[in-house]
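Asks: model the structure of this input:
(4 chains)
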Number of protein chains: 2
Amino acid sequence: MAPPNSIRVLLVDDHSVVRMGLAAVLSLDEDLTVVAEAEDGTQALEKYQAERPDVVLMDVRMPGLGGLEALRALLAASPGARVLMLTTSELDDDIQRAIDAGARGYLQKSVSREELVRAIHQVHAGGSYIPEATRRRLLQLAKRKHLSNREGEVLDGMRRGLSNRDIALTLSISEHTVKAHVKAILHKLESADRAEAVARGFEQGLLRVEGR
Amino acid sequence: MAPPNSIRVLLVDDHSVVRMGLAAVLSLDEDLTVVAEAEDGTQALEKYQAERPDVVLMDVRMPGLGGLEALRALLAASPGARVLMLTTSELDDDIQRAIDAGARGYLQKSVSREELVRAIHQVHAGGSYIPEATRRRLLQLAKRKHLSNREGEVLDGMRRGLSNRDIALTLSISEHTVKAHVKAILHKLESADRAEAVARGFEQGLLRVEGR
DNA sequence: GATGCAATCGCCCGAAAGGGCGATACCACG
DNA sequence: CGTGGTATCGCCCTTTCGGGCGATTGCATC
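Replies: All right, here's what the predicted structure looks like:
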């Protein structure tokens, strides 16, 4: 069933439909063998230890232990792991983090069969694979103004309708400091007021709908 | 290959991985046969006319002719078509529109194999299939406070960082009126200020990320 | 014809926001 | 050791916001 010199792949995705689709695509290439599947990050870690696959194909968004956390945990335990991240959404801002964390590639689920197979081969050979479109997206994201942790917390207060004073209370700092952060946020996000800043936060993926 | 009394299915999705996954899942049930696949709405219409499948499985989000438009066009041409909509995103507010347009069901791509197969059988039998979670989501959407057209325009002004006066200018009404609308919006959205109102707008699908 | 809703306009006022001008301290990176 | 970013705190001042209290018009629905 599994050819001797086959590339052994671990699939990690919470959607069984997607897992089967990936498995079907990989089965088209006789050099590829799916040796295990996992439905979440925790399972992925276990299966990796058990099977020691050559390449891991992992979804970014998963319930429980998410793709990014799983990626970090996996690489912490097995620094040599070769992981290709997959994503459904076009507007994930996780690309940068995934690459930083050590992913060897970052693909959309919209990739063609050929590109997916090529990517796996390339990653298995020790290289990395990032599609042109994703590369462009990375450049675009690099231009994005980055908020500090504190500013992120303040922005979150704003989105919840808190006044500067209330944000100060929840963060246990002075209102003056909050105002300073707000000013920095408005400037970085090129926004006229907190309403626009919140909108930009959603547009740029700094704020998320799904209850964080 | 195709059993005589098989349910003939048309798959419509722009992601080849998903199409293969769906095909793989359906192939597990011997009563189901995928007779055609389409990558977008336009192709879907052609394939439907050519194959006259019993059930159509169609993605909501597609480039070109989107799923909803395709659904309407398909039902206009063939009122008897039985269409099951699929979606990737959990927070689509298209559920209502899809049902209204005549879809027989609305599934997440995260459905289990069993549920997907069951849904197709049910739809083929002339019934409809909407999962519990989706039903709940529908109820939640029904409770969603509805903004009037004018209020929607004012909310959009807020998200763009406009002051009440500037909104008044762009809408050619008095600032007093804008303030009245703003008050109504804050009340309907249960928000303390415009920043929270904008956040609620995004959360409830009243505002969208993708450049309107 | 009443009832309800949307849209429009009005005033008063206190609280909050945001701009502009500062400052100190810490820490990491070069 | 300087440079830059972050986090903290400070004051002054003008504009804007949002609450509370109104109102009239028109339109559709019942």
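
Asks: list the contacts for the spatially closest residue to residue A:159 that is not a sequence neighbour?
Replies: Of all residues not flanking residue A:159 in the chain, residue B:199 sits nearest, at 4.1 Å (Cβ to Cβ, 6 or more residues apart in numbering or on different chains). In this view, the C-beta of every residue, glycine as well, is placed from N, C-alpha and C. Residues counted as contacts of residue B:199 (Cβ atoms under 8 Å, 6 or more residues apart in numbering or on different chains) are A:159-161, A:198, A:202, A:207, B:191.

Asks: start to end distance for stretch A:113-133?
Replies: Criterion Cα to Cα, to the nearest Å; first-to-last residue distance in stretch A:113-133 is 16 Å.

Asks: list the buried residues of it.
Replies: Buried residues in stretch A:113-133, counting neighbours by 16 or more other Cβ atoms under 10 Å in any protein chain shown, are found at A:113, A:116-117, A:119-124, A:129-131.

Asks: circling back: in helices, which of the contacts of residue B:199 fall?
Replies: Taking DSSP state H as the definition of helices, the contacts of residue B:199 contribute A:159, A:198, A:202.

Asks: by neighbour count, which of those residues wins?
Replies: With neighbours defined as other Cβ atoms under 10 Å in any protein chain shown, the most crowded of the ones in helices among the contacts of residue B:199 is residue A:198; it has 34 neighbours.

Asks: residues contacting that one?
Replies: Neighbouring residues of residue A:198 by Cβ under 8 Å, 6+ apart: A:155, A:158-159, A:207, B:159, B:195-196, B:198-199.

Asks: again, but for residue A:15
Replies: Residue A:15 is in contact with A:59, B:21, B:109-110, counting by Cβ under 8 Å, 6+ apart.

Asks: from the buried residues of stretch A:113-133, which is closest to chain B?
Replies: residue A:113 (5.7 Å; Cβ to the nearest Cβ).

Asks: my guess is that closest one meets residue A:25, correct?
Replies: Yes: applying Cβ atoms under 8 Å as the test, residue A:113 and residue A:25 come out as touching, 4.9 Å apart.

Asks: farthest-separated two in the contacts of residue A:198?
Replies: Distance extremes for those: the farthest pair is A:155 and B:159 at 14.8 Å, using Cβ to Cβ.

Asks: in chain A, which spans are strands?
Replies: Under the criterion DSSP state E, chain A carries strands at the ranges A:7-12, A:32-38, A:55-59, A:83-87, A:105-108.

Asks: tell me the most buried of these?
Replies: Scoring the strands of chain A by mean neighbour count under mean count of other Cβ atoms under 10 Å in any protein chain shown gives strand A:55-59 as the most buried, with a mean of 26.

Asks: tell me who's in contact with the one residue sitting closest to the centre of chain A.
Replies: Compute the mean C-alpha point of chain A, and by Cα atoms, centre = their mean the closest residue is residue A:94, 3.6 Å away. By Cβ under 8 Å, 6+ apart, the contact set of residue A:94 is A:60, A:67-68, A:85, A:87.

Asks: go again with 7 Å.
Replies: Residues near residue A:94 by Cβ atoms under 7 Å, 6 or more residues apart in numbering or on different chains: A:60, A:68.

Asks: what's the separation between it and residue A:16?
Replies: With distances taken as Cβ to Cβ, to the nearest Å, residue A:94 is found 23 Å from residue A:16.

Asks: ok, residue A:160 - contacts?
Replies: Residue A:160 touches residue B:196, counting by Cβ under 7 Å, 6+ apart.

Asks: can we see that at 8 Å?
Replies: Contacts of residue A:160 were listed using Cβ under 8 Å, 6+ apart, and they are B:196, B:199.

Asks: swap in residue A:40?
Replies: A:12, A:14, A:62-65, A:70.

Asks: how far away is it from DNA strand D?
Replies: Summarising the geometry, the distance separating residue A:40 from DNA strand D, computed by Cβ to the nearest atom of the strand, to the nearest Å, is 31 Å.

Asks: do the longest helix seen in chain A and chain B meet at all?
Replies: For chain A, the helix that runs over the most residues, judged by DSSP H, is helix A:175-188. No: using Cβ under 8 Å from any Cβ of the partner chain, helix A:175-188 stays clear of chain B, with a minimum separation of 9.1 Å.

Asks: quick one: contacts for residue A:110?
Replies: Applying Cβ under 8 Å, 6+ apart, the residues near residue A:110 are B:14-15, B:17.

Asks: hang on, the earlier thing: the contacts of residue A:198: which ones sit near DNA strand D?
Replies: Among the contacts of residue A:198, the ones lying near DNA strand D by Cβ under 7 Å from any atom of the strand are residue B:195.

Asks: what's the closest of the contacts of residue A:198 to DNA strand D?
Replies: Distances from DNA strand D to those, taken as Cβ to the nearest atom of the strand, are shortest for residue B:195 (6.9 Å).

Asks: so what's the closest one closest to, chain neighbours aside?
Replies: Here the residue nearest residue B:195, using Cβ to Cβ, 6+ apart, is residue A:194, at 4.0 Å.

Asks: again, but for residue A:150
Replies: In space, and not counting its chain neighbours, residue A:150 is closest to residue A:181: 6.1 Å by Cβ to Cβ, 6+ apart.

Asks: just give me the neighbour total for the one you found.
Replies: Counted with other Cβ under 10 Å, the neighbours of residue A:181 add up to 25.

Asks: could you pull out the helices for chain A?
Replies: Ranges of helices in chain A, per DSSP H, are A:16-27, A:41-51, A:67-77, A:94-101, A:113-124, A:132-143, A:149-159, A:164-171, A:175-188, A:194-203.

Asks: please pull out the lowest mean pLDDT helix or strand from chain A.
Replies: Using mean pLDDT, DSSP states H and E, the weakest-scoring helix or strand in chain A turns out to be helix A:132-143, at a mean of 73.
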